[in-house]
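Trainee: Got a predicted structure plus its sequence, pasted below:
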Amino acid sequence: MEQIAYVNGSFVPLSEAKVSILDRGFLFADGIYEVAAVLDGKLIDNASHLARLERSVGEIELALPETTARIQEIQQELVKRNNLANGMVYLEVTRGADTGRDFAFPKGDVKPTLIMFTSTKDIINAPSARTGIKVITVPDLRWARRDIKSVALLAQVLAKQAAAVAGAGEAWMIEDGKVTEGGSSSCFILTQDDVIVTRQNGSAILPGCTRKAVVALAEERQLRVEERAFSVEEALAAKEAFVTSASVFVQAVVSIDGKTVADGKPGPMTNRLREIYVEFAKATAV
Ligand code: PLP
(Lines give C-alpha, C1' and ligand atoms only; values in the text may rest on other atoms or scores of the structure.)
Protein backbone atom coordinates (compact mmCIF):
# COMPACT_ATOMS: atom_id res chain seq x y z
CA MET A 1 0.00 0.00 0.00
CA GLU A 2 1.33 3.42 -0.91
CA GLN A 3 2.30 5.70 1.94
CA ILE A 4 0.07 8.61 2.80
CA ALA A 5 1.43 12.13 3.19
CA TYR A 6 -0.21 15.32 4.43
CA VAL A 7 -0.15 18.49 2.32
CA ASN A 8 -1.97 21.68 3.32
CA GLY A 9 -5.11 20.13 4.72
CA SER A 10 -5.26 16.91 2.66
CA PHE A 11 -4.08 13.36 3.16
CA VAL A 12 -2.80 12.12 -0.21
CA PRO A 13 -0.70 9.24 -1.60
CA LEU A 14 3.00 10.15 -1.29
CA SER A 15 3.48 10.16 -5.09
CA GLU A 16 0.76 12.80 -5.41
CA ALA A 17 2.03 14.99 -2.55
CA LYS A 18 3.32 18.13 -4.29
CA VAL A 19 4.09 21.77 -3.58
CA SER A 20 4.70 24.69 -5.97
CA ILE A 21 8.14 25.40 -7.46
CA LEU A 22 7.58 28.92 -6.07
CA ASP A 23 7.39 27.58 -2.55
CA ARG A 24 9.81 29.59 -0.43
CA GLY A 25 10.98 26.42 1.25
CA PHE A 26 12.22 25.25 -2.15
CA LEU A 27 13.57 28.62 -3.33
CA PHE A 28 15.11 30.01 -0.13
CA ALA A 29 15.02 27.24 2.49
CA ASP A 30 12.59 29.66 4.16
CA GLY A 31 11.07 27.05 6.43
CA ILE A 32 11.28 25.08 9.65
CA TYR A 33 11.05 21.35 10.28
CA GLU A 34 10.63 18.86 13.08
CA VAL A 35 11.09 15.12 13.39
CA ALA A 36 9.32 13.18 16.13
CA ALA A 37 9.91 9.50 16.81
CA VAL A 38 7.08 6.96 16.86
CA LEU A 39 7.11 3.89 19.14
CA ASP A 40 4.23 1.43 19.11
CA GLY A 41 2.15 3.89 17.07
CA LYS A 42 2.65 6.79 19.49
CA LEU A 43 4.58 10.05 19.25
CA ILE A 44 7.62 10.43 21.50
CA ASP A 45 8.32 13.64 23.45
CA ASN A 46 6.07 15.48 21.02
CA ALA A 47 5.26 18.40 23.32
CA SER A 48 8.96 19.25 23.31
CA HIS A 49 9.14 19.06 19.49
CA LEU A 50 6.05 21.26 19.13
CA ALA A 51 7.43 23.79 21.62
CA ARG A 52 10.66 23.96 19.61
CA LEU A 53 8.63 24.30 16.39
CA GLU A 54 6.77 27.28 17.87
CA ARG A 55 10.03 28.85 18.97
CA SER A 56 11.72 28.29 15.58
CA VAL A 57 8.84 29.77 13.57
CA GLY A 58 8.68 32.69 16.00
CA GLU A 59 12.36 33.44 15.43
CA ILE A 60 11.75 33.79 11.67
CA GLU A 61 8.37 35.57 12.03
CA LEU A 62 6.45 32.74 10.39
CA ALA A 63 2.92 32.09 11.68
CA LEU A 64 1.94 28.42 11.91
CA PRO A 65 -1.07 27.67 9.68
CA GLU A 66 -2.55 25.42 12.39
CA THR A 67 -2.44 25.35 16.18
CA THR A 68 0.10 22.98 17.71
CA ALA A 69 -2.83 20.98 19.14
CA ARG A 70 -4.18 20.52 15.59
CA ILE A 71 -0.69 19.72 14.29
CA GLN A 72 -0.44 16.91 16.82
CA GLU A 73 -3.83 15.57 15.71
CA ILE A 74 -2.60 15.57 12.10
CA GLN A 75 0.62 13.78 13.11
CA GLN A 76 -1.43 11.14 14.93
CA GLU A 77 -3.87 10.78 12.02
CA LEU A 78 -0.95 10.29 9.64
CA VAL A 79 0.58 7.62 11.87
CA LYS A 80 -2.78 5.85 11.90
CA ARG A 81 -3.36 6.13 8.14
CA ASN A 82 0.11 4.69 7.48
CA ASN A 83 -0.33 1.97 10.07
CA LEU A 84 3.04 3.09 11.42
CA ALA A 85 4.27 1.18 14.46
CA ASN A 86 7.88 2.41 14.73
CA GLY A 87 9.59 5.23 12.91
CA MET A 88 9.33 8.97 12.56
CA VAL A 89 6.96 11.72 11.52
CA TYR A 90 8.65 14.50 9.53
CA LEU A 91 6.88 17.84 9.39
CA GLU A 92 7.82 21.02 7.59
CA VAL A 93 6.29 24.47 7.48
CA THR A 94 7.43 27.06 4.98
CA ARG A 95 6.51 30.67 4.22
CA GLY A 96 4.44 29.38 1.30
CA ALA A 97 4.41 30.07 -2.43
CA ASP A 98 4.22 33.69 -3.59
CA THR A 99 3.72 34.78 -7.22
CA GLY A 100 7.46 35.24 -7.87
CA ARG A 101 10.88 35.11 -6.25
CA ASP A 102 11.26 38.04 -3.90
CA PHE A 103 13.60 37.67 -0.97
CA ALA A 104 11.52 39.81 1.39
CA PHE A 105 8.44 38.25 2.98
CA PRO A 106 5.32 38.08 0.76
CA LYS A 107 3.12 41.15 1.14
CA GLY A 108 -0.15 39.54 0.13
CA ASP A 109 -2.15 36.81 1.78
CA VAL A 110 0.26 33.92 1.22
CA LYS A 111 -0.58 30.89 3.32
CA PRO A 112 2.30 28.95 4.85
CA THR A 113 2.83 25.44 3.47
CA LEU A 114 2.49 22.57 5.93
CA ILE A 115 3.53 19.07 4.90
CA MET A 116 4.14 15.82 6.76
CA PHE A 117 5.23 12.30 5.92
CA THR A 118 6.28 9.27 7.87
CA SER A 119 9.15 6.80 7.65
CA THR A 120 9.65 3.39 9.20
CA LYS A 121 12.53 2.62 11.56
CA ASP A 122 12.93 0.18 14.42
CA ILE A 123 14.81 2.63 16.64
CA ILE A 124 14.86 0.31 19.66
CA ASN A 125 16.39 -2.67 17.83
CA ALA A 126 18.59 -0.81 15.32
CA PRO A 127 21.91 -2.75 15.00
CA SER A 128 23.91 0.43 15.68
CA ALA A 129 22.25 0.67 19.09
CA ARG A 130 24.20 -2.46 20.06
CA THR A 131 27.45 -1.77 18.23
CA GLY A 132 27.70 2.00 18.47
CA ILE A 133 28.76 4.16 15.54
CA LYS A 134 31.97 5.57 14.14
CA VAL A 135 32.08 9.32 13.63
CA ILE A 136 34.30 11.59 11.59
CA THR A 137 34.94 15.27 12.24
CA VAL A 138 34.36 18.09 9.75
CA PRO A 139 34.52 21.88 10.01
CA ASP A 140 31.20 23.43 11.02
CA LEU A 141 30.25 25.44 7.94
CA ARG A 142 26.81 26.56 9.12
CA TRP A 143 25.22 29.95 9.74
CA ALA A 144 25.12 31.75 13.08
CA ARG A 145 21.55 30.79 14.17
CA ARG A 146 21.76 27.03 14.55
CA ASP A 147 19.23 27.21 17.39
CA ILE A 148 16.55 27.65 14.68
CA LYS A 149 15.55 24.29 13.16
CA SER A 150 15.73 25.63 9.62
CA VAL A 151 15.44 23.44 6.52
CA ALA A 152 18.71 25.00 5.24
CA LEU A 153 20.74 21.82 5.77
CA LEU A 154 23.36 21.91 3.01
CA ALA A 155 26.28 21.97 5.47
CA GLN A 156 24.82 18.88 7.19
CA VAL A 157 24.18 17.18 3.83
CA LEU A 158 27.88 17.58 2.98
CA ALA A 159 28.99 16.57 6.48
CA LYS A 160 26.87 13.44 6.50
CA GLN A 161 27.87 12.54 2.95
CA ALA A 162 31.54 12.73 4.02
CA ALA A 163 30.66 10.45 6.97
CA ALA A 164 28.87 8.00 4.66
CA VAL A 165 31.86 7.87 2.29
CA ALA A 166 34.16 7.21 5.28
CA GLY A 167 31.87 4.41 6.52
CA ALA A 168 30.89 6.43 9.59
CA GLY A 169 27.43 6.89 11.07
CA GLU A 170 27.67 10.57 11.91
CA ALA A 171 29.83 13.67 11.39
CA TRP A 172 30.78 15.79 14.39
CA MET A 173 31.07 19.43 13.42
CA ILE A 174 34.00 21.42 14.81
CA GLU A 175 34.28 25.15 15.40
CA ASP A 176 37.16 26.94 17.16
CA GLY A 177 38.60 23.61 18.24
CA LYS A 178 35.39 22.48 19.95
CA VAL A 179 32.61 20.09 18.93
CA THR A 180 29.39 21.95 18.20
CA GLU A 181 27.10 18.99 17.44
CA GLY A 182 26.53 16.10 15.06
CA GLY A 183 25.06 16.53 11.58
CA SER A 184 21.71 15.50 13.04
CA SER A 185 22.44 14.80 16.70
CA SER A 186 23.62 16.30 19.99
CA CYS A 187 27.05 15.17 21.26
CA PHE A 188 27.98 13.94 24.73
CA ILE A 189 31.00 12.53 26.52
CA LEU A 190 31.47 10.88 29.93
CA THR A 191 34.71 12.11 31.48
CA GLN A 192 37.12 9.90 33.44
CA ASP A 193 35.63 11.29 36.65
CA ASP A 194 32.09 10.39 35.56
CA VAL A 195 30.78 13.77 34.51
CA ILE A 196 28.34 13.76 31.57
CA VAL A 197 29.36 16.70 29.37
CA THR A 198 27.32 18.21 26.54
CA ARG A 199 27.62 21.61 24.92
CA GLN A 200 25.46 24.36 26.43
CA ASN A 201 22.48 25.58 24.40
CA GLY A 202 22.87 28.85 22.53
CA SER A 203 23.03 29.98 18.93
CA ALA A 204 25.91 27.55 18.12
CA ILE A 205 23.71 24.43 18.35
CA LEU A 206 20.17 23.20 17.96
CA PRO A 207 18.55 22.68 21.37
CA GLY A 208 17.97 18.94 20.97
CA CYS A 209 14.74 17.60 22.45
CA THR A 210 16.40 14.27 23.23
CA ARG A 211 19.39 16.11 24.70
CA LYS A 212 17.05 18.08 26.97
CA ALA A 213 15.26 14.94 28.17
CA VAL A 214 18.51 13.00 28.73
CA VAL A 215 20.05 15.87 30.73
CA ALA A 216 16.90 16.13 32.90
CA LEU A 217 16.67 12.34 33.39
CA ALA A 218 20.38 12.16 34.33
CA GLU A 219 20.05 15.04 36.80
CA GLU A 220 16.96 13.46 38.38
CA ARG A 221 19.15 10.45 39.10
CA GLN A 222 21.85 12.61 40.70
CA LEU A 223 24.28 11.94 37.85
CA ARG A 224 26.72 14.82 37.36
CA VAL A 225 26.06 16.86 34.21
CA GLU A 226 28.11 19.77 32.91
CA GLU A 227 26.86 21.85 29.98
CA ARG A 228 29.97 23.17 28.25
CA ALA A 229 31.90 22.80 25.02
CA PHE A 230 34.49 20.01 24.68
CA SER A 231 37.20 19.19 22.16
CA VAL A 232 37.82 16.03 20.12
CA GLU A 233 40.95 15.41 22.24
CA GLU A 234 38.80 15.44 25.37
CA ALA A 235 36.31 13.06 23.72
CA LEU A 236 39.14 10.67 22.79
CA ALA A 237 40.38 10.72 26.39
CA ALA A 238 36.85 10.17 27.76
CA LYS A 239 35.35 6.99 29.22
CA GLU A 240 32.43 7.12 26.79
CA ALA A 241 30.98 9.21 24.00
CA PHE A 242 27.47 9.20 22.58
CA VAL A 243 24.95 11.13 20.54
CA THR A 244 21.25 11.77 21.03
CA SER A 245 18.43 12.52 18.60
CA ALA A 246 14.80 11.68 17.96
CA SER A 247 15.82 9.15 15.31
CA VAL A 248 18.45 7.25 17.33
CA PHE A 249 17.54 8.12 20.97
CA VAL A 250 20.90 7.54 22.73
CA GLN A 251 23.62 5.97 20.61
CA ALA A 252 27.21 5.15 21.52
CA VAL A 253 30.14 6.62 19.58
CA VAL A 254 32.96 4.05 19.47
CA SER A 255 35.51 5.86 17.32
CA ILE A 256 36.30 9.39 16.16
CA ASP A 257 38.33 9.88 12.96
CA GLY A 258 39.47 6.24 13.19
CA LYS A 259 40.69 6.48 16.82
CA THR A 260 38.75 4.35 19.30
CA VAL A 261 36.97 5.85 22.28
CA ALA A 262 37.95 3.78 25.36
CA ASP A 263 37.69 0.08 24.41
CA GLY A 264 35.69 0.78 21.25
CA LYS A 265 32.43 -0.61 22.67
CA PRO A 266 29.28 1.12 23.93
CA GLY A 267 29.89 1.93 27.59
CA PRO A 268 27.69 1.22 30.63
CA MET A 269 26.59 4.86 31.13
CA THR A 270 25.52 5.16 27.49
CA ASN A 271 23.58 1.91 27.76
CA ARG A 272 22.00 3.03 31.03
CA LEU A 273 20.95 6.43 29.65
CA ARG A 274 19.52 4.72 26.60
CA GLU A 275 17.40 2.43 28.79
CA ILE A 276 16.28 5.35 30.95
CA TYR A 277 15.36 7.37 27.86
CA VAL A 278 13.39 4.50 26.27
CA GLU A 279 11.47 4.07 29.53
CA PHE A 280 10.68 7.82 29.61
CA ALA A 281 9.74 7.77 25.92
CA LYS A 282 7.25 4.94 26.35
CA ALA A 283 5.77 6.43 29.51
CA THR A 284 5.13 9.84 27.92
CA ALA A 285 4.13 8.78 24.37
CA VAL A 286 0.93 10.24 22.90
N1 PLP B 1 21.40 18.78 16.30
C2 PLP B 1 21.06 18.84 15.01
C3 PLP B 1 21.85 19.72 14.09
C4 PLP B 1 19.98 18.10 14.53
O5 PLP B 1 19.63 18.18 13.23
C6 PLP B 1 19.27 17.27 15.42
C7 PLP B 1 18.13 16.46 14.95
O8 PLP B 1 17.84 16.37 13.80
C9 PLP B 1 19.67 17.22 16.76
C10 PLP B 1 20.74 18.00 17.17
C11 PLP B 1 18.95 16.37 17.74
O12 PLP B 1 17.71 16.95 18.09
P13 PLP B 1 16.50 16.08 18.60
O14 PLP B 1 16.98 15.36 19.82
O15 PLP B 1 15.47 17.09 18.94
O16 PLP B 1 16.13 15.15 17.50
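Mentor: Received, thanks.
Trainee: of all the residues in this structure, which ones are close to the ligand?
Mentor: Counting by Cβ under 6 Å from any ligand atom, the residues of the chain close to the ligand are 35, 181, 184-186, 206, 208-211, 244-246. No exception for glycine: its C-beta is placed from N, CA and C like everyone else's.
Trainee: looking at it, T68 is touching E54, isn't it?
Mentor: Yes. If you go by Cβ atoms under 8 Å, T68 and E54 touch, sitting 6.2 Å apart.
Trainee: give the contact list for E219.
Mentor: By Cβ atoms under 8 Å, 6 or more residues apart in numbering, the contact set of E219 is V225.
Trainee: what helix or strand does it sit in?
Mentor: E219 belongs to helix 209-220 when assigned by DSSP states H and E.
Trainee: Buried residues in that helix, which are they?
Mentor: Within helix 209-220, the residues that qualify as buried by neighbour count (16 or more other Cβ atoms under 10 Å) are 209-215, 217-218.
Trainee: likewise stretch 166-178?
Mentor: Residues 168-173, 175, 178 are the ones in stretch 166-178 that count as buried (16+ other Cβ under 10 Å).
Trainee: now do stretch 102-117
Mentor: Judged by neighbour count using 16+ other Cβ under 10 Å, the buried positions of stretch 102-117 are 106, 112-117.
Trainee: If you drop the residues flanking it in sequence, what lies closest to E240?
Mentor: Residue nearest to E240 in three dimensions, not counting chain neighbours: G267, with 3.5 Å by Cβ to Cβ, 6 or more residues apart in numbering.
Trainee: Let me know how buried the one you found is, in neighbour terms.
Mentor: 21 (other Cβ atoms under 10 Å).
Trainee: quick one: contacts of the helix or strand of the chain with the lowest mean pLDDT?
Mentor: Lowest on mean pLDDT, DSSP states H and E among the helices and strands of the chain sits helix 127-131, with a mean of 94. With Cβ under 8 Å, 6+ apart as the test, helix 127-131 has contacts from 123, 169, 248-249, 251-252, 254, 266, 274.
Trainee: quick one on the thing from earlier: helices or strands next to whatever helix or strand comes next after the helix holding E219 in the packing?
Mentor: Counting by DSSP H and E, the next helix or strand C-terminal to helix 209-220 is strand 224-227. Packing partners of strand 224-227 (3 or more Cβ pairs under 8 Å, 6 or more residues apart in numbering; DSSP states H and E): strand 195-198, helix 209-220.
Trainee: so C187 makes contact with A241?
Mentor: Yes. With contact defined as Cβ under 8 Å, C187 counts as touching A241 (7.4 Å).
Trainee: Between the two, point out the one with more neighbours.
Mentor: Neighbours per residue (other Cβ under 10 Å) separate C187 from A241, with A241 holding more: 30 against 26.
Trainee: Number of residues surrounding the closest residue to L14 other than its chain neighbours?
Mentor: Spatial nearest neighbour of L14, excluding adjacent residues (Cβ to Cβ, 6+ apart): Q3 at 4.4 Å. By other Cβ under 10 Å, 17 other residues sit near Q3.
Trainee: what does T270 give?
Mentor: Neighbours around T270, by other Cβ under 10 Å: 25.
Trainee: name the element V89 belongs to?
Mentor: V89 is part of strand 87-94 when elements are defined by DSSP H and E.
Trainee: Which secondary structure elements does that strand sit against?
Mentor: Packing contacts for strand 87-94, counted by 3+ Cβ pairs under 8 Å, 6+ apart, involve helix 24-28, strand 31-39, helix 46-59, helix 68-81, strand 113-120.
Trainee: Now distance to V93 and mean pLDDT too, for those, in TSV please.
Mentor: Formatted as TSV, these follow (distance: least, Cβ to Cβ, whole Å; pLDDT from 0 to 100):
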stretch	distance to V93	mean pLDDT
helix 24-28	8	98
strand 31-39	6	98
helix 46-59	6	98
helix 68-81	9	98
strand 113-120	5	98
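Trainee: hey, which of the ones you listed is tucked in deepest?
Mentor: The highest mean neighbour count among the helices and strands packed on strand 87-94, using mean count of other Cβ atoms under 10 Å, belongs to strand 31-39: a mean of 23.
Trainee: After it, which helix or strand is next?
Mentor: Using DSSP H and E, the helix or strand that follows strand 31-39 in sequence is strand 42-43.
Trainee: outside of that next one, which residues touch it?
Mentor: With contact meaning Cβ under 8 Å, 6+ apart, strand 42-43 is reached by 36-37, 72, 75-76, 79, 89, 285-286.
Trainee: Many thanks, I have nothing further to ask.
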